[in-house]
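Visitor: next one to model:
(one chain, ligands or ions: 1)
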Amino acid sequence: MSDRAGHRGAGAGTHAAAIETLFQEAREFPPPPNFAAQANISHPAIYDQASADPEAWWAAEAARLDWYRLWDTILDWDPPFARWFVGGQLNVSVNCLDRHVNAGGGDKIAYYWEGEPGDRKTLTYNDLYTEVNKAANALKELGVRRGDRVAIYMPMIPELPIAMLACARIGAPHTVVFGGFSAEALADRINDSQAKLVITADGGYRRGKASGLKVNVDEAVARTPSVEHVLVVRRTEQDVTMQDGRDLWWHDLVPPQLDWCEPERMESEDMLYLLYTSGTTAKPKGILHTTGGYLTGVASTHRNVFDIKPDDVYWAAADIGWVTGHSYIVYGPLANHTTGLIYEGTPDFPDPSRWWDIIERYGVTILYTAPTAIRAHMKWGPQHAEQHDLSSLRLLGAVGEPINPEAWIWYHEHIGGGRCPIVDTWWQTETGGIMISPLPGLTVTKPGSAAKPLPGVFADVVDDRGEPVPLGEGGYLVLTRPWPSMLRGIYGDPERYKTTYWSKFPGLYFPGDGARRDEDGDYWLMGRVDDVMNVSGHRLSTTEIESALVDDKRVAEAAVVGRADDVTGEAICCFVILKSHVEPSPALGEELRQHVAHKIGPIARPRQLMFTPDLPKTRSGKIMRRLLRDIATGRQLGDTTTLADAGVVESIRDATRAATDDE
Ligand code: WTA
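Guide: Down below sits the predicted model:
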């Protein structure tokens, strides 16, 4: 008998319910004729062309980039290790900058930038080119060489993409750590990547307050022996401690540098960056992306999915510290010579009309954001958007989690004015770029469905044995062929790469998501089938939070589950067993929630914490999270047959009636 502990989506109980509600969603939205008429991709034959010869199709996409040397082999596939455009040489910063500047496009705006306090900057491609060259020379002066890793821990300011591109120019892979992560999380990522340099800022603005970043870096680098220097951008002008010989100000080091730095000729398969993502164990995974295939994938999908035109003002309202920012704020858009927008702060500062004010002022034409943000705007009400002229918008996108049909319709009506197609894009840190999505000039969209795999991408939905399930049924999503922007591994751990993604179904890539295909072959994503939680579009590992709880001396054991939440997608619920001499109290619950926020970051602060005498476990000792989820949501219990001690659930129910809540 298969044990589904920790599974949801494709698991028996919740799976049926998910399909039931989705079946009720029958609305369809064909592309508006005027949109279809001007779309970059307007002929369905593209799918067949790509399927007939996927390698030739991707090679044609790669040929749009500038290569110092063309590849000898399009794909070298030694499962599960792929190498794309083998023998080819290129530089990513040259493709994002020099290429456009040399073609006379240097005066075009690369980024409109707006800080949360309201300060503004405009950077042309010429400006960005100069800044990147200078920053690249500064990195070299600090001893950073091709192949060295650089950690970047910054707010959403122009120096962040500049730092990334400077790394790419000299062939030093970057690892961007989201500014909301704690000192401890930063230290773990620096130690795993063995970064030599940390680029940071004194702090950044969030909700009207200057938060500190350098202070966290100081705490982190106290236990990261690989770090030689810390380069600090002045943003908030708060007090920081600068350690002599180790710490340098960006404004002292970068401006005097020469404005030309010879770019490295990188091999197609050289590492471009690492980006850490949560796994099912506490140790985060360093997802490894390389150069030629990655840039091909993100440039191609950015152009096709967002229907990019020369006069677009494109806004991906995401943080650059997550993969969406890497692929669709920095590398894809710049490779396509796009004008983009970067906003530093939160959507409700100083009030919930901030985004709509920005869209009106800059004439934004394309908006790409996460369902959690859309749900927050729904909560604040449509009156904020109504006060602004959003008629410049022509296309909307969503990413990060399944978008519920209500949110899709709200987005379509209140933001898109009923005229903008919506692209619901499914992908992951590991896939590098968008995999399943509508093409806005072609696809008849359905609220809640990500439609079909893009041209050159091959997916399926399979059962426990890896056999495709019939249309209309749910199962496990798999990708059946390699694609150019796929991860090349987990940094330093090829075995973990194999077991995490390639062992469940031999020969198939398993992303960990459940999905259903409807009668038309359209994909409806059903969430993670493992126990990684998706809170406000961020993936958090239950195990990482459990480890943080158990880290407190008074805690014996902890189990963490996600509970469905209207706004954040999932809310974190913790079940905590205290050591026998410790008395539970609301104050202790609050202290532990605080502790998690400190250890992992504010995003991981548990919504609910319950003290319990025991946890439901299988005979093999695996915690049955599915049952805990039932308790957390107050649902009727599902199948309890694999429970080792059937009485335990009732004792938990009794004990957890008094919970410590954040609501
Ligand atoms: C989920 C974000 C449904 C999914 C780019 C995936 C989605 C995980 C969608 C990756 C979508 C992302 N519909 N689910 N459109 N987009 N997901 O690595 O579970 O932060 O595996 O990458 O988010 O999250 P990650």
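
Visitor: the residue of the stretch 551-663 of the chain found nearest the ligand: how many residues sit nearby?
Guide: Closest residue of the stretch 551-663 of the chain to the ligand, CB to the nearest ligand atom: Gly569 (9.4 Å). C-betas here are computed from N, CA, C, even on glycine. By other CB atoms under 10 Å, the residues close to Gly569 number 24.

Visitor: can you give me the helices in the stretch 251-400 of the chain?
Guide: Along the stretch 251-400 of the chain, counting by DSSP state H, counting those that start in this stretch, helices occupy 292-305, 323-325, 332-335, 354-362, 371-380, 383-386.

Visitor: for these, which one sits closest to Thr124?
Guide: helix 332-335 (12.2 Å; CB to CB).

Visitor: by contact count, what packs against the closest one?
Guide: Helix 332-335 sits against helix 292-305, with contacts defined as 3 or more CB pairs under 8 Å, 6 or more residues apart in numbering; DSSP states H and E.

Visitor: list the buried ones in the helix it packs on?
Guide: 292-305 (16 or more other CB atoms under 10 Å).

Visitor: cool, stretch 100-110 as well?
Guide: Per 16+ other CB under 10 Å, stretch 100-110 contains these buried residues: 100-101, 105-106, 108-110.

Visitor: include distance to Arg149, secondary structure and pLDDT when you put those residues into CSV, please.
Guide: Listed next are the buried residues of stretch 100-110 as CSV, based on distance: CB to CB, whole Å; DSSP: H, G, I helix; E, B strand; the rest coil; pLDDT from 0 to 100:
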residue, distance to Arg149, secondary structure, pLDDT
His100, 28, helix, 98
Val101, 28, helix, 98
Gly105, 32, helix, 98
Gly106, 31, coil, 98
Lys108, 32, coil, 98
Ile109, 31, strand, 98
Ala110, 26, strand, 98
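
Visitor: list just the nearest of those to the ligand.
Guide: Ala110 (22.7 Å).

Visitor: is the residue of the chain most remote from its centre in a helix, a strand, or coil?
Guide: Most distant residue from the mean C-alpha position of the chain: His581, 41.8 Å away (CA atoms, centre = their mean). At His581, secondary structure determined by DSSP: H, G, I helix; E, B strand; the rest coil is coil.

Visitor: also Asp192?
Guide: Classified using three-state DSSP, Asp192 is helix.

Visitor: helix, strand, or coil at Ala163?
Guide: Strictly by three-state DSSP, Ala163 counts as helix.

Visitor: and it, how many neighbours?
Guide: 29.

Visitor: how much space between it and Tyr273?
Guide: In this structure, Ala163 and Tyr273 are 12 Å apart, going by CB to CB, to the nearest Å.

Visitor: please apply the same query to Leu615.
Guide: Distance from Leu615 to Tyr273, by CB to CB: 38 Å.

Visitor: check Thr480 too.
Guide: 26 Å.

Visitor: pick out whichever of those two has more residues nearby.
Guide: Using other CB under 10 Å, the more surrounded residue of Thr480 and Tyr273 is Tyr273, with 27 against 15.

Visitor: wait, the more buried one touches Pro173, no?
Guide: Yes. Judged on CB atoms under 8 Å, Tyr273 makes contact with Pro173 at a distance of 5.2 Å.

Visitor: overlap in contacts of those two?
Guide: Cys167 (CB atoms under 8 Å, 6 or more residues apart in numbering).

Visitor: any common contacting residues for Ala163 and Tyr273?
Guide: His174.

Visitor: now do the helices in the stretch 501-650 of the chain.
Guide: Using DSSP H, counting those that start in this stretch, helices in the stretch 501-650 of the chain cover 542-550, 586-600, 625-633, 648-655.

Visitor: okay if I get those helices as TSV plus distance to the ligand, mean pLDDT and mean neighbour count?
Guide: Conversion of the helices of the stretch 501-650 of the chain to TSV gives the following (distance: least, CB to the nearest ligand atom, whole Å; pLDDT from 0 to 100; neighbours: other CB atoms under 10 Å):
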stretch	distance to the ligand	mean pLDDT	mean neighbour count
helix 542-550	14	81	22
helix 586-600	16	92	18
helix 625-633	16	84	22
helix 648-655	28	73	16
